[in-house]
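> Need coordinates for the following:
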Amino acid sequence: MAERLGIGPEQCTGQKPKLVYGRMTGWGQDGPLASAAGISTTIIPVRALHAIGRKGQPPVPPLNLVGDFGGGGMLPCLWSGLWPPGGSKDPARDKWWMQAMVDGSAALMAMFFTMLEVGSLRKSEVTNLLDGGAHFYGAYETKDGKYVSIGSIEPQF
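Predicted structure coming up:
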């Protein structure tokens, strides 16, 4: 923890009053997994990994883009721009906030969860538009053993 090194939110914002201090955990501050380590390979399966891969084969982890970078890194960057110091209704939290990677990963899946709820997405993999189910959206091996990626979901492509 940053506090152990003497660089918690109080110390940092005391030195730089306009600083927005963000924290990131794998599983959040509360709950049964709060003290457990969380990395992409443990976070992504909870909310997103089921939607990536080929039917009948193990899911393919998307590097650490969905967990570490997207769920953990991208959202804190957005928060710091959307939640400036002094912008909350709680003065105790005016200068810092907490982001859990598992929540960020779930937020990145919002479009797909919505599509599932309205019936335009099926829960099984490789049966949907963006999961490899459409012949015009996927990766294909070429004659020379390399791959080409096709994503022609709009008329101009």
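> Just give the number of residues close to the closest residue to Gly8 other than its chain neighbours.
The shortest distance from Gly8 to any residue other than its chain neighbours is 5.4 Å, reached at Ala2 (CB to CB, 6 or more residues apart in numbering). Heads up, the C-betas are built off the backbone N, CA and C, glycines and all. Neighbour count for Ala2, taken as other CB atoms under 10 Å: 12.
> ok, now the one 3 residues further on?
The burial count assigned to Leu5 is 8, neighbours taken as other CB under 10 Å.
> Helix, strand, or coil at Met98?
Met98 falls in the strand class when you classify it by DSSP: H, G, I helix; E, B strand; the rest coil.
> got it, and Gly104?
Secondary structure, three-state DSSP: Gly104 is helix.
> per-domain residue ranges of the protein.
Per automatic domain parsing, the domain ranges recorded for the chain read 2-124, 127-157.
> on that earlier part again, test my guess that the residue nearest to Gly8 contacts Glu10.
No. Ala2 is beyond contact range of Glu10, at 10.6 Å (criterion: CB atoms under 8 Å).
> secondary structure class for the residue nearest the centre of the chain?
Residue closest to the average C-alpha location in the chain (CA atoms, centre = their mean): Gly71, at 2.4 Å. Classification of Gly71 by three-state DSSP places it in helix.
> Ignoring the adjacent residues along the chain, who's closest to it?
Spatially, and ignoring its direct neighbours in sequence, Gly71 is nearest to Gly104 (3.0 Å; CB to CB, 6+ apart).
> residue contacts, the one you found?
Going by CB atoms under 8 Å, 6 or more residues apart in numbering, Gly104 touches 70-72, 74-75.
> which residues of the chain score low on pLDDT?
The chain contains residues with pLDDT under 70 at 1, 40-41, 58, 61, 63-64, 80, 83-96, 125, 157.
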